[in-house]
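Student: Any chance you could fold what I've pasted below:
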Amino acid sequence: MSGTFRSAAPDELDGLALVRLVSRLGVEVRASCTFVYHEGDDLPKAWDRWLRDCFSPLLAPAFAEIHRLAGEMRIERIVELDRKLDQSLDRIPRTNSLMAARAFLEGKSEMRANREWSRFAQSVADGKAPGHAPVLFALQTALYHLPLASALAAYVWFELESGLPRTAGYRDRTGSGEEALALFSAALPQVRVAMAADRGDFADDGQPRLRAI
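Tutor: Just a heads-up that it's a prediction; the model follows:
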């Protein structure tokens, strides 16, 4: 993706509004998660780098698997995948992910009555699971019965919004429409690949089929 932004269609802006709503289910964005952008850098290039190096190989496959396991109430296996993700992340995204996860654990009081959420939260409290943000996000959306495609797209928006700098005016400018949508749209092919891989839906050349979300 270059440094230019395309115009957004009205239906895409509606879709972005929905994703933003889903991504904020009881969680206040406080700090960067695994996507980190420093003002003055090339934002589209930084976003592309995150998609290529972190989201596609690590986060998206883990998210899809955890979302499925949550639907099957397999919390022990989710704990294992959380530990595996912890070992796979580089130091900075690992640290940021654990810090961002606090908002999920502290801000989800309404989830404490949910047995599966409480079991995982207790595993984090006991030190059995690190409790990474994408793991908690996937678990949360699965327990809310959100489809995987919507959940994963919402997580992408959460990462984008979390990673933007808090300097005056910048967040309003980027979060108001077309620039944010262009960056978000750049991630959708990767979301579709993750969806296809999760379904085992591959073309004759062995590549995941791309389906519309």
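
Student: all strands for this protein, in order.
Tutor: Counting by DSSP state E, the chain has no strands to list.

Student: which secondary element of it has the worst mean pLDDT?
Tutor: Within the chain, no helix or strand scores below helix 170-175, which has a mean of 47 by mean pLDDT, DSSP states H and E.

Student: Run through the helices of the chain in chain order.
Tutor: 10-23, 43-50, 60-71, 75-88, 91-107, 115-125, 133-143, 148-163, 170-175, 178-199 (DSSP state H).

Student: Out of these, which gets the lowest mean score?
Tutor: Mean pLDDT is lowest for helix 170-175 among those, at a mean of 47.

Student: Grab the nearest non-local neighbour of A101.
Tutor: Sequence neighbours aside, A133 is the residue nearest to A101 in space, at 4.4 Å (criterion: CB to CB, 6 or more residues apart in numbering). Any C-beta I mention is one placed from the backbone N, CA and C, and that applies to glycine too.

Student: close enough to count as contact, that neighbour and R94?
Tutor: No - with contact defined as CB atoms under 8 Å, A133 does not count as touching R94 (10.6 Å).

Student: okay, those two: which has more neighbours?
Tutor: Under the criterion of other CB atoms under 10 Å, the comparison of A133 against R94 puts A133 first, with 26 against 17.

Student: and L58, what does it touch?
Tutor: The neighbourhood of L58, defined by CB atoms under 8 Å, 6 or more residues apart in numbering, consists of L85, S88, L89.

Student: Just the buried ones from the residues you listed?
Tutor: Among these, those classed as buried by 16 or more other CB atoms under 10 Å are L85, L89.

Student: A101 - how many residues pack around it?
Tutor: Neighbour count of A101, defined by other CB under 10 Å: 22.
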